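Undergrad: no sequence for this one, just the structure:
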């Protein structure tokens with residue numbers, strides 16, 4: 001539960017959380033910075049716990065592709081800060097690295113992430129759930145996404161013996 005709270009700590013919407021033993025507590029205030037897509041760290045953890053096993057399937061669920069990261073006004077300090085924040089929160093570079101890694105193996109990597117329409121929806125805009133649902137439904141209807149989900153179901157059923 002603490003890990004979930006740490007990943008959702010987003011000031012001023014959700015307060016930070018203190019985690020650890022008495023007098024050794026650490027304060028977590030934003031789980032997303034550098035860890036917005038923790039799939040590489042999940043894989044490292046899985047490999048450290050199960051060193052003799054291969055990872056067969058990884059599912060990564062995004063919150064919407066951010067689009068191209070760039071400057072509107074390169075002379076503006078505010079614009080520079082916004083771009084640096086976007087780079088620090090970039091999930092797609094991590095996803096590309098993991099996809100490349102899995103392309104050389106027998107495992108299956110599945111990234112589900114709405115490509116268009118959610119760029120302007122921030123964490124603080126929870127009231128736009130109808131927009132999120134609409135764009136997500138549209139994304140899931142795409143042929144390539146549907147094929148990816150069908151393949152994911154095949155892989156998961158094969159691993160559990162449900163086929």
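TA: Done, it's in. A quick note: this is a predicted structure, and the numbers were derived from the prediction, not measured.

Undergrad: and the nearest residue to residue 107 once chain neighbours are set aside, how close does it get to residue 48?
TA: Distances taken as C-beta to C-beta, 6 or more residues apart in numbering put residue 56 closest to residue 107, at 5.1 Å, once the chain neighbours are dropped. Any C-beta I mention is one placed from the backbone N, CA and C, and that applies to glycine too. Per C-beta to C-beta, to the nearest Å, residue 56 is found 17 Å from residue 48.

Undergrad: same thing with residue 23?
TA: For residue 23, the distance to residue 48 - C-beta to C-beta - is 28 Å.

Undergrad: pLDDT score assigned to residue 73?
TA: On the pLDDT scale, residue 73 is placed at 67.

Undergrad: what residues does the helix or strand containing residue 130 touch?
TA: Taking DSSP states H and E as the criterion, residue 130 maps to helix 129-140. Residues from elsewhere that reach helix 129-140 (C-beta atoms under 8 Å, 6 or more residues apart in numbering): 64, 114-118, 121, 145-146, 149.

Undergrad: could the residues you listed be laid out in CSV, adding pLDDT?
TA: Below are those laid out as CSV (pLDDT from 0 to 100):
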residue, pLDDT
64, 71
114, 83
115, 78
116, 71
117, 64
118, 70
121, 67
145, 93
146, 94
149, 94
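
Undergrad: distance from the helix ranked longest in the chain to the middle of the chain?
TA: Secondary structure assigned by DSSP state H gives helix 143-160 as the longest helix of the chain. Computed by C-alpha atoms, centre = their mean, to the nearest Å, the separation of helix 143-160 from the middle of its chain amounts to 19 Å.

Undergrad: what residues sit buried inside it?
TA: The neighbour-count check on helix 143-160 (16 or more other C-beta atoms under 10 Å) flags 145, 152, 155-156 as buried.

Undergrad: pull the most distant pair out of these.
TA: Using C-beta to C-beta, the pair of those lying farthest apart is 145 and 156, separated by 16.4 Å.

Undergrad: strands of this structure, start to end?
TA: Ranges of strands in the chain, per DSSP state E, are 17-19, 26-28, 57-61, 108-112.

Undergrad: closest to residue 97 out of those?
TA: Using C-beta to C-beta, the nearest of those to residue 97 is strand 108-112, at 10.3 Å.

Undergrad: contact partners for the residue sitting furthest away from the middle of the chain?
TA: For the chain, the residue at maximal distance from the C-alpha centroid (C-alpha atoms, centre = their mean) is residue 23, at 32.0 Å. Applying C-beta under 8 Å, 6+ apart to residue 23 gives no contacts.

Undergrad: hang on, the earlier thing: go through the helix holding residue 130 and flag the buried ones.
TA: If you call a residue buried by 16+ other C-beta under 10 Å, then helix 129-140 has these buried ones: 132, 135-136, 139.
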